[in-house]
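Enquirer: Quick one, structure for this:
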Amino acid sequence: MADLHTPRSLIITLYGAYGRGADAESGADGDEPVPVASLIRLLAAVGVDAPSVRSAVSRLKRRGLLVSGRTAGGAAGYALSGDARQLLDDGDRRIYSRTEPRASDGWVLAVFSVPEAERAKRHVLRSRLARLGFGTAAPGVWIAPGGLYEETRHTLERLHLDAYVDLFRGEHLGFAATREAVARWWDLGAIARLHEEFLERHEPVLREWQAGPRSAPAASGSGTGPSSDTERAYRDYLLALDSWRRLPYADPGLPAALLPVDWPGGRSAEVFAELHTRLRDAGAAFVHPDALVRP
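Expert: Numbering: from 1, shown residues only. You can find the predicted model right below:
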């Protein structure tokens, strides 16, 4: 998780948490641009200085993830582009879902062929399948739990990559035991370490909240405004979400029967779910005391 908490990542996480469906500052319905001054204030609470915010916003705009605009009050700001909004909406099911994977779902296989003249799309396909949680069963054969079929189909169609891919449903019949096979298809040790790193970072934070509210130093120069507890809730939640939102993609969500007995994924999901329940809405009071909170 060496790339965690970069300014660009935190800005996307901020929009995902508080910038959709209700404006992060005004509480208005829709994706009204978030004022630049508000982005600077909100990112300062997680340790990002103003020049870094402006640089990251410019890069996200060049990548087509943010679009400039004006708020109802005339302030300059940025909103999610349509593509970025779709990506975040698609990610919600993975990030917030607690659905238990079932062995009866079987597997989805992806096999693709890209003409030499379009070979750059091979890398795009490989990276996209990996980010969806696919493992490699054999050279050119990608595999994922069957429950990922709809998301895979939707993603490939949205990116106009479906013409190069054949998708199959199936079950593993041998010859190795399926539990042994999945250890070849995915690097379970690397995925487990990601869960352990999340727990090391954020389980102590949850323990502090479970112990009861405590005072925290007010943000520098804050003077008046939201209480230190709401700022702390916002900061702890945004950092936890920024860490967590990658994990459901690195971890394909295998049935428990196919995982090592000491698998840390269940515990890390529980920790994030409790942090989300405890802190998201409380943090919205720091984003703006009158903000409308998305369900």
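Enquirer: isn't there a helix covering Leu279?
Expert: Yes: according to DSSP: H, G, I helix; E, B strand; the rest coil, the state of Leu279 is that of a helix.
Enquirer: I'd assumed Leu156 was in contact with Val108.
Expert: No: applying Cβ atoms under 8 Å as the test, Val108 and Leu156 come out as separate, 11.4 Å apart. Yep, even glycine has a C-beta here, placed from its N, CA and C like the rest.
Enquirer: CA atoms only for the helix or strand harbouring Asp236, dumped as PDB, please.
Expert: Using DSSP states H and E, Asp236 sits in helix 228-244. This file holds the C-alpha atoms of helix 228-244, laid out as PDB (Å, rounded to 0.1, in the frame of the first residue of the first chain):
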ATOM      1  CA  SER A 228     -12.700  18.600  16.800                       C
ATOM      2  CA  ASP A 229     -14.600  15.300  17.100                       C
ATOM      3  CA  THR A 230     -16.300  15.800  13.700                       C
ATOM      4  CA  GLU A 231     -13.000  16.700  12.100                       C
ATOM      5  CA  ARG A 232     -11.400  13.700  13.600                       C
ATOM      6  CA  ALA A 233     -14.300  11.500  12.400                       C
ATOM      7  CA  TYR A 234     -13.900  12.900   8.900                       C
ATOM      8  CA  ARG A 235     -10.100  12.400   8.900                       C
ATOM      9  CA  ASP A 236     -10.200   8.900  10.200                       C
ATOM     10  CA  TYR A 237     -13.000   7.900   7.800                       C
ATOM     11  CA  LEU A 238     -11.400   9.400   4.700                       C
ATOM     12  CA  LEU A 239      -8.000   7.700   5.400                       C
ATOM     13  CA  ALA A 240      -9.700   4.400   6.100                       C
ATOM     14  CA  LEU A 241     -11.800   4.600   3.000                       C
ATOM     15  CA  ASP A 242      -8.700   5.600   0.900                       C
ATOM     16  CA  SER A 243      -6.900   2.500   2.200                       C
ATOM     17  CA  TRP A 244      -9.900   0.100   1.900                       C
END
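Enquirer: which helices and strands does that helix pack with?
Expert: Helices and strands touching helix 228-244, by 3 or more Cβ pairs under 8 Å, 6 or more residues apart in numbering; DSSP states H and E, are helix 7-18, helix 188-210, helix 265-287.
Enquirer: Can you mark which positions in the least confident helix or strand in the chain by mean pLDDT are buried?
Expert: Across the helices and strands of the chain, mean pLDDT, DSSP states H and E gives its lowest value to helix 82-96, namely a mean of 84. Buried residues in helix 82-96, defined by neighbour count with 16 or more other Cβ atoms under 10 Å: 84-85, 87-88, 94-95.
Enquirer: residues in contact with it?
Expert: With Cβ atoms under 8 Å, 6 or more residues apart in numbering as the test, helix 82-96 has contacts from 12, 15-16, 20, 31, 64-66, 80, 151, 154-155, 158, 241, 244-245, 248-249, 276.
Enquirer: Let me have the buried residues of helix 82-96 in TSV, adding distance to Val53 as columns.
Expert: TSV is the format used below for these (distance: Cβ to Cβ, whole Å):
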residue	distance to Val53
Ala84	17
Arg85	20
Leu87	21
Leu88	19
Arg94	27
Ile95	23
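Enquirer: ok, the helix or strand following the least confident helix or strand of the chain: who's next to it in the sheet?
Expert: Sequence-wise, the next helix or strand downstream of helix 82-96 (DSSP H and E) is strand 107-112. Strand 107-112 has its sheet partners listed here by DSSP bridges as strand 141-145 (antiparallel), strand 165-170 (antiparallel).
Enquirer: Show me the shaky parts of the protein.
Expert: In the predicted model of the chain, residues 1-3, 21-31, 213-227, 289-295 satisfy pLDDT under 70.
Enquirer: The residue lying closest to Thr6 once chain neighbours are set aside - how many residues pack around it?
Expert: Of all residues not flanking Thr6 in the chain, Ala56 sits nearest, at 7.6 Å (Cβ to Cβ, 6 or more residues apart in numbering). Residues near Ala56, counting by other Cβ atoms under 10 Å, number 21.
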